[in-house]
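Novice: Provided below are the primary sequence and the corresponding predicted coordinates.
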Amino acid sequence: MSSQMSPAIELRGTSKVFRTPSGALHTAVRDLDLTVERGEFVAVVGPTGCGKSTTLTLVSGLEEPTEGDVRVAGEPVDGVGEKIGFVFQRDAVFPWRTVLSNVMAGPRFRGVAKAEAKERAREWLARVGLASFEDRYPHQLSGGQLKRVALATTLVNDPELLLMDEPFSALDVQTRALMSDELLELWSGTGASVVFVTHDLEESIALADKVVVMTAGPATVKEIFEIDLPRPRKVESVRLESRFVEIYREIWSSLGEEVRITRERGASDVA
Ligand SMILES: Nc1ncnc2c1ncn2[C@@H]1O[C@H](COP(=O)(O)OP(=O)(O)OP(=O)(O)O)[C@@H](O)[C@H]1O
């Protein structure tokens, strides 16, 4: 299969075992099989500590699997790929640089000439509604504005694959809904594939084409749900649709069981 035709991500029989500071072995991910198609928006939900972030770090190339295969665009992952963008709960910004300079940093680092990098950065700042904030410093922005800077900083590099680890969880509820809508709008024009890790089942359904439910740790795929809600979606109104509620119930009956297992384990650890 040519790499152009292959899925955005393929994980086959993937496991990750960490050595803890005490020297014990901890299996974070076990025998994970997952395919993400090109242009697909996949949300990953699972109980706390089950291995969701670890799965993202394997795809990103920040960690190597202990066993199994991890491929991005048909190629085995070997280090951090150029075409991957990240957005995390806490965003890495250069505090001493202006917003514009932060957004320009990625293209400059990739060898784009200064004038072009500036033009592209301004374009993305306009798209995320921050055109008049380019001279501000990060500490002069609100949480939502900082998140927009993070999106612009990532998307300006034209990633084919966007890995998002609870990107909106530190925001208040209204800003979170706004950012979700903005993300959908920005993503719809890019053709990029997205893997979005969240604790919030409603958020996952509102955003994704597919919701992947992970088991209580070690993480493996328990069930995958296709989300047949039409696009374009507005997260605040899609939540009120009867189909949304039906899907929510279906997924929760799968996810809730894993959350219970995790809680019971926690209780027995304390006992
Ligand atoms: N570098 C590491 N060394 C040892 N153990 C680790 C390491 N990274 C993660 N773990 C362990 O692996 C398990 C999975 O962690 P991970 O962060 O992937 O879970 P998660 O599902 O993303 O959690 P949460 O939902 O709470 O963010 C946890 O028990 C964690 O303590």
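Specialist: Alright, I've got the coordinates. Keep in mind it's a predicted model, so treat the numbers as computed, not measured.
Novice: which residues touch Val112?
Specialist: Arg120 (Cβ atoms under 8 Å, 6 or more residues apart in numbering). Just so you know, the C-beta spots here come from the backbone N, C-alpha and C atoms, and that holds for glycine as well.
Novice: if you could redo that for Thr20, that was the one I meant.
Specialist: Each residue near Thr20 by Cβ under 8 Å, 6+ apart is listed here: His26.
Novice: against His26, how distant is it?
Specialist: Distance, Thr20 to His26, by Cβ to Cβ, to the nearest Å: 5 Å.
Novice: one more: Leu201?
Specialist: As for Leu201, its distance to His26 is 26 Å (criterion: Cβ to Cβ).
Novice: Glu185 too?
Specialist: Glu185 is 40 Å from His26, by Cβ to Cβ.
Novice: do the same with Arg260
Specialist: Separation of Arg260 from His26 (Cβ to Cβ): 22 Å.
Novice: just the buried residues of whichever strand or helix holds Thr57, please?
Specialist: Assigned by DSSP states H and E, Thr57 falls within helix 52-60. Judged by neighbour count (16 or more other Cβ atoms under 10 Å), helix 52-60 contains these buried residues: 52-60.
Novice: same question, stretch 18-37
Specialist: Neighbour-count burial for stretch 18-37 flags 27-32, 34-36 (criterion: 16+ other Cβ under 10 Å).
Novice: need the contact list for the closest residue to the ligand within the stretch 151-271 of the chain.
Specialist: Among the residues of the stretch 151-271 of the chain, Gly217 lies closest to the ligand, at 5.6 Å counting by Cβ to the nearest ligand atom. Residues near Gly217 by Cβ under 8 Å, 6+ apart: 27-28, 47, 49-51, 262.
Novice: can you do 6 Å?
Specialist: 49-51 (Cβ atoms under 6 Å, 6 or more residues apart in numbering).
Novice: same question for Gly143.
Specialist: Going by Cβ under 6 Å, 6+ apart, Gly143 touches Leu171.
Novice: hmm, Arg38 is touching Ala8, no?
Specialist: Yes - Arg38 is in contact with Ala8 according to Cβ atoms under 6 Å; the separation is 4.9 Å.
Novice: list residues touching both of those two?
Specialist: Ser193.
Novice: show me which of the two is the more surrounded one.
Specialist: Neighbour comparison, Arg38 and Ala8: the larger count goes to Ala8, with 24 against 16 (by other Cβ atoms under 10 Å).
Novice: ok, the more buried one - contacts?
Specialist: 36, 38, 161, 193.
Novice: at 10 Å instead, please
Specialist: Ala8 makes contact with 35-40, 42, 59, 71-74, 83, 160-162, 192-195 under the criterion Cβ atoms under 10 Å, 6 or more residues apart in numbering.
Novice: return the distance of the nearest residue to Leu62 once chain neighbours are set aside relative to Ala113.
Specialist: Distance criterion Cβ to Cβ, 6 or more residues apart in numbering; nearest residue to Leu62, sequence neighbours excluded, is Val80 at 6.4 Å. For Val80, the distance to Ala113 (Cβ to Cβ) stands at 24 Å.
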